[in-house]
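Asker: Based on what follows, work out the 3D shape:
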Amino acid sequence: MRVRLKSHGLLMLISLLSAVALWPQPARAQDRSPSRPVEVIVPWGPGGGADVLGRLVAKWLETDFKSTFVVINLPGATGSIGIGKMIQGGADARAIAVLTGDTLGLTAQPDSPFKLSDIVALAIMIRQPSGLFSKTDGPYKSWSDVQAAAKANPAGVTVAMTGPNSPDEATVNYLVSKGLRMTNVPYARPGERYAAVLGKHVDLLYEQAGDIKGQLDSKALRPLLFFASQRLPAPFADVPVSVELGYDILLPQTRTIVARAGTDPRQLAAFAASLDRFAGTPEFANYLRDQYALPDSYIAQRDAQKFLEGEVDALKKVLGSK
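Answerer: A predicted model of the protein is given here:
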C-alpha cells in the first residue's frame, strides 16, 4: 500500500514538473534579437544632440542584442522625412528612430505629415531645457541687451533654429507676441545653425546647452536665457530663466526612441527592456550629466506615450489650437 502511494506521488511530481516546463516564460530581450540589421534613423544631420543619442543607443543595442544596428542620418522638413521613412518602412522592426521635440511638435499642427498614433514610444531618453545663446564677442552680453535691441531696432533680432512648426519657432513667436522683434531663420543641419551664429550671420541660437557644450566650454558662445521654471545649476546659475521674466513658456527639448505603430509587441518589449537596462548604466548617467539634462530624464515605455501626448497638448495651447 505504501509503495502504491509513493508511486502515485512520484507520478504527480513528474506531471507537475512537466507542466511547469511547458508554462509560457517571459521572453528575455536576447530571445528577441533582430534577425536582420536594424536602422536607427536620425532625422537630423550629423553633429547635433539627436545624432549623439542615436549613435549612443545604436552602440548599446548592438552590444546587448549581438545584432547589427546602423545609424542613418535623414535630415529635412523638421525631422519629418526621417520619421516618415520609418513609418513607411513597415512594421517588421527593421527601423527605429530618434524623435526630437521639434519633430513631435509637428503633430500639434492640423496639417502634420504624420500622427502621434503612427508611432510607439519605446522610451524618453533625455529632457533638456532650451535656451538662447549669442556669440561671446558679439554685441549681446545679456538678455537685457537682446530686449533692448529687439525693441529699438526695426530689423529686430535673428534667431537660428531647427525648422518651421517646431517648438523653436513657437517659442520665438511667443517672444514676438511679447513685443520683441525677432525673426526665425531655419537650418536643418545642426552644424549650419552653429556656424551661422559663430559667423555672425544671425544674432542668436535657439538650442540646448548640452548640444553645444564644446562651444560653451571654449567660451565661443554664451547663454543669455533658459526656458525653465527655475535656475539651472552651475555653470549656469547666473543665467536668467523665462519664469523670472514673466514668460509663460517652457517647451523643453525631448528625444525619444520610437518605432512604427503595429510592430510586433514582443519585439517592441525587447527593445524597451534593453533601453531600460541602458538607463541604469554609468555610461547613461554620464551622458545625461554631459548634456546638462534633467537627471530624471528617462521615462520608460509604460509612461512614455502618455508623456508625449502631454507635450503635444502643451504645444497646442501655446499655438492656440486647443
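Asker: got a list of what Phe227 touches?
Answerer: 129-131, 171, 241-242, 247, 249-252 (Cβ atoms under 8 Å, 6 or more residues apart in numbering). The C-beta positions use only the backbone N, C-alpha and C, and glycine is treated the same way.
Asker: Enumerate every residue touching the nearest residue to Val197 once chain neighbours are set aside.
Answerer: Distance criterion Cβ to Cβ, 6 or more residues apart in numbering; nearest residue to Val197, sequence neighbours excluded, is Leu205 at 4.2 Å. Residues near Leu205 by Cβ under 8 Å, 6+ apart: 132-134, 159-160, 193-194, 196-197, 212, 221.
Asker: Kindly report the same for Thr100.
Answerer: Contacts of Thr100 (Cβ under 8 Å, 6+ apart): 43-44, 49-50, 79, 162, 253-256.
Asker: What of Leu104?
Answerer: 116, 254, 256, 308, 311-312.
Asker: Dump these into JSON lines; add neighbour count and distance to Leu180 as well.
Answerer: Shown next, in JSON lines, are those (neighbours: other Cβ atoms under 10 Å; distance: Cβ to Cβ, whole Å):
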{"residue": "Leu116", "neighbour count": "20", "distance to Leu180": "31"}
{"residue": "Thr254", "neighbour count": "24", "distance to Leu180": "25"}
{"residue": "Thr256", "neighbour count": "26", "distance to Leu180": "31"}
{"residue": "Leu308", "neighbour count": "22", "distance to Leu180": "30"}
{"residue": "Glu311", "neighbour count": "22", "distance to Leu180": "25"}
{"residue": "Val312", "neighbour count": "20", "distance to Leu180": "26"}
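Asker: Tell me the one of these nearest Ala97?
Answerer: Thr256 (9.0 Å; Cβ to Cβ).
Asker: What residues are bridge-paired with that closest one?
Answerer: Note on Thr256: beta-bridge partners by DSSP bridges are Leu99, Ile124.
Asker: Would you mind confirming that it makes contact with Ala304?
Answerer: Yes. Contact between Thr256 and Ala304 holds when scored by Cβ atoms under 8 Å: they sit 6.5 Å apart.
Asker: Pull up the overlap in contacts between the two.
Answerer: Joint contacts of Thr256 and Ala304 (Cβ under 8 Å, 6+ apart) are 121-124.
Asker: and those residues, which two are the farthest apart?
Answerer: Leu122 and Ile124 (9.2 Å).
Asker: what touches both of those two?
Answerer: With Cβ under 8 Å, 6+ apart, Leu122 and Ile124 have common neighbours 256, 304.
Asker: When these two are compared, which one has more neighbours?
Answerer: Leu122 (28 against 24; other Cβ atoms under 10 Å).
Asker: The more buried one: what's it in contact with?
Answerer: Contacts of Leu122 (Cβ under 8 Å, 6+ apart): 96, 256-259, 268, 271-272, 275, 301, 304.
Asker: Excluding chain neighbours, what is closest to Leu180?
Answerer: Leaving aside its sequence neighbours, Leu180 sits nearest to Ala150 (Cβ to Cβ, 6+ apart; 3.9 Å).
Asker: Same check on Arg189?
Answerer: Closest to Arg189 by Cβ to Cβ, 6+ apart is Gly45, at 3.4 Å.
Asker: Check Leu221 too.
Answerer: Excluding its sequence neighbours, the residue lying closest to Leu221 (Cβ to Cβ, 6+ apart) is Gln215, at 4.3 Å.
Asker: number of nearby residues for the one you found?
Answerer: Neighbours of Gln215 (other Cβ under 10 Å): 20.
Asker: so it sits in a strand?
Answerer: No. Under DSSP: H, G, I helix; E, B strand; the rest coil, Gln215 sits outside any strand and is assigned helix.
Asker: That one and Ala195 touch, don't they?
Answerer: No. Gln215 is beyond contact range of Ala195, at 10.7 Å (criterion: Cβ under 8 Å).
Asker: Can you show me the strands along the stretch 1-150 of the chain?
Answerer: 38-42, 69-73, 95-100, 119-128, 130-135 (DSSP state E, counting those that start in this stretch).
Asker: And those strands: which comes nearest Leu106?
Answerer: Of those, nearest to Leu106 by Cβ to Cβ is strand 95-100, at 10.2 Å.
Asker: ok, back up a step: hmm, Pro190 and the residue nearest to Arg189 touching each other?
Answerer: Yes. Between Gly45 and Pro190 there is a contact under Cβ under 8 Å: 6.0 Å.
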